[in-house]
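Colleague: Starting from these lines, generate the structure:
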Amino acid sequence: MEHFRLNNELSKTLGISEEEALVKLEKIAANMAYFCGECDSVSIPGFGTFQSEKKEEDFTIDSKGNMVLNPPAIEVDFKPSVVLRKSLS
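Modeller: This next block holds a predicted model:
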């Protein structure tokens, strides 16, 4: 539900239709996913930084004693900016 509000606010701010705003939001999300997938960080001034890290595959033992393979993954952490932290407190 929140993405509709963001889409609406973006369309008002930029003076474009909600459909155009949605296309822009989808492009932003796709670019963020691409760069995070490449283990690059994505910074948005005044908002924060998305930092990605590649995790290698490993094995764990489940509750039944079976060995389980955990495939490699890319994890993304978000670090809010000082400005965002202050605005939320």
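
Colleague: Could you work out the end-to-end span of stretch 77-89 for me?
Modeller: The straight-line separation of the ends of stretch 77-89 (Cα to Cα, to the nearest Å) is 21 Å.

Colleague: Could I get the full set of strands for the chain?
Modeller: Taking DSSP state E as the criterion, the chain contains strands spanning 42-44, 48-55, 58-61, 67-70, 73-80.

Colleague: Determine how far the fourth one lies from the middle of the whole chain.
Modeller: Going by Cα atoms, centre = their mean, to the nearest Å, the spacing between the C-alpha centre of strand 67-70 and its chain's C-alpha centre is 27 Å.

Colleague: Give me the contact list for it.
Modeller: For strand 67-70, the surrounding residues in contact (Cβ atoms under 8 Å, 6 or more residues apart in numbering) are 57-62. Any C-beta I mention is one placed from the backbone N, CA and C, and that applies to glycine too.

Colleague: Go again with 6 Å.
Modeller: Among residues not part of strand 67-70, those counted as contacts by Cβ atoms under 6 Å, 6 or more residues apart in numbering are 58-60, 62.

Colleague: any idea which of those residues is closest to Glu26?
Modeller: Comparing these against Glu26 with Cβ to Cβ places Asp58 closest, at 33.8 Å.
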